[in-house]
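Participant: fold the following and give me the result.
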Amino acid sequence: MKYVQDEKPERSDEVKAWLDEEIDAQKIRHDAIAAEMEGLQEERNGWIAEFLKIIQNRGFNVNGDMRRQIADDEMPERPDRPDADKVVW
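Facilitator: As a prediction, this is how the structure comes out:
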């Protein structure tokens, strides 16, 4: 069976050149964002430590103003891999 979405028109050389430029620009922007995110790792470690301290000491809101503290045995363990804290963007 033949579907309309399976057929695509040929791209002109002008369009191909424009797409190549756009793809290169996107890669440059992505690399800059990735480098910035990687540079935040130490600060992110502090944010995570502060969050874990808060949920153990003050707890978090379960429902309305009901709070629940997280016990030591319920605390999550950080996975042992280099991209454990990687943010997907």
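
Participant: how many residues are close by the residue nearest to I55 when sequence neighbours are not counted?
Facilitator: Closest residue in space to I55, ignoring its immediate chain neighbours: I70 at 4.7 Å, by Cβ to Cβ, 6 or more residues apart in numbering. Where C-beta positions appear, they are placed from N, C-alpha and C, glycine not excepted. Residues lying near I70 (other Cβ atoms under 10 Å) number 15.

Participant: cool, D73 as well?
Facilitator: For D73, using other Cβ under 10 Å, the count is 5.

Participant: and it, what are its phi and psi?
Facilitator: phi -70, psi -10 (degrees, to the nearest 10).

Participant: repeat that for E50.
Facilitator: Taking degrees, to the nearest 10 as the convention, E50 sits at phi -60, psi -40.

Participant: any idea how far it lies from P82?
Facilitator: 22 Å (Cβ to Cβ, to the nearest Å).

Participant: re the thing from before, list the contacts of the residue nearest to I55.
Facilitator: I55, Q56, G59, F60 (Cβ atoms under 8 Å, 6 or more residues apart in numbering).
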